[in-house]
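In: Make a model of this:
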Amino acid sequence: MLPSDLSVLSPDETHGRKGMIAATALVAMLTLLGAAAALASLPHGSAGDEPVAIVFPFWIGQAEAVARSFAAGDRVLRTGRLASIVVVAPRAEPASLPRGAWLSLKLAGLAGCLDSAAVPGEVQ
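Out: Numbering: from 1, shown residues only. Just a heads-up that it's a prediction; the model follows:
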């Protein structure tokens with residue numbers, strides 16, 4: 001059982017516990033920074049000739065995701081790999097996300113993995 005009050009620990013034990021807390025915080029911060037850098041490196045939806053994948057939370061169904069995309073003025077081309085991903089036509093100018101959407105990505109590079117049409121020979 002660990003004591004809840006650091007004052008009862010010896011100086012060596014206190015230093016070890018503080019060091020472990022600092023190391024844990026550093027690992028957590030580096031993990032968050034790495035995840036943010038990976039997300040930022042993906043191409044985001046903007047004006048261009050590439051279709052755009054709009055990513056909704058996983059609990060939003062396909063019909064609701066498509067309806068929200070239509071309501072935002074997007075021209076829906078198809079659904080993505082998951083029911084909560086909708087692929088829309090390229091936008092003439094950057095537009096705001098549909099209500100409840102998490103993010104939008106151009107279907108180039110790694111973001112192409114979100115598109116169900118990206119796999120040749122797969123039946124939709």
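In: so where is this protein shaky, pLDDT-wise?
Out: Scanning the chain for pLDDT under 70 picks out 1-15, 37-48, 94, 109-124.
In: thinking Pro90 is in contact with Asp74, fair?
Out: No: Pro90 is not in contact with Asp74 according to C-beta atoms under 8 Å; the separation is 10.1 Å. Yep, even glycine has a C-beta here, placed from its N, CA and C like the rest.
In: Between these two, tell me which one has more neighbours.
Out: Asp74 (21 against 16; other C-beta atoms under 10 Å).
In: Next, count neighbours for the closest residue in space to that one that isn't next to it in sequence.
Out: Among residues not flanking Asp74 along the chain, Val88 sits closest, at 4.0 Å (C-beta to C-beta, 6 or more residues apart in numbering). Neighbour count for Val88, taken as other C-beta under 10 Å: 23.
In: where do the contact lists of Pro90 and Asp74 overlap?
Out: Val52 (C-beta atoms under 8 Å, 6 or more residues apart in numbering).
In: so how far is Val52 from the closest residue to Arg75 other than its chain neighbours?
Out: For Arg75, ignoring the flanking residues on the chain, the nearest one in space by C-beta to C-beta, 6+ apart is Ala89 at 4.0 Å. Note on Ala89: its distance to Val52, by C-beta to C-beta, to the nearest Å, is 8 Å.
In: And the strands in the protein, which stretches?
Out: Here the chain has its strands, by DSSP state E, at 52-55, 76-79, 85-88, 103-106.
In: wait, which of these is closest to Leu33?
Out: strand 103-106 (18.2 Å; C-beta to C-beta).
In: Counting by contacts, list what the closest one packs against.
Out: strand 52-55 (3 or more C-beta pairs under 8 Å, 6 or more residues apart in numbering; DSSP states H and E).
In: This completes my enquiry, with thanks.
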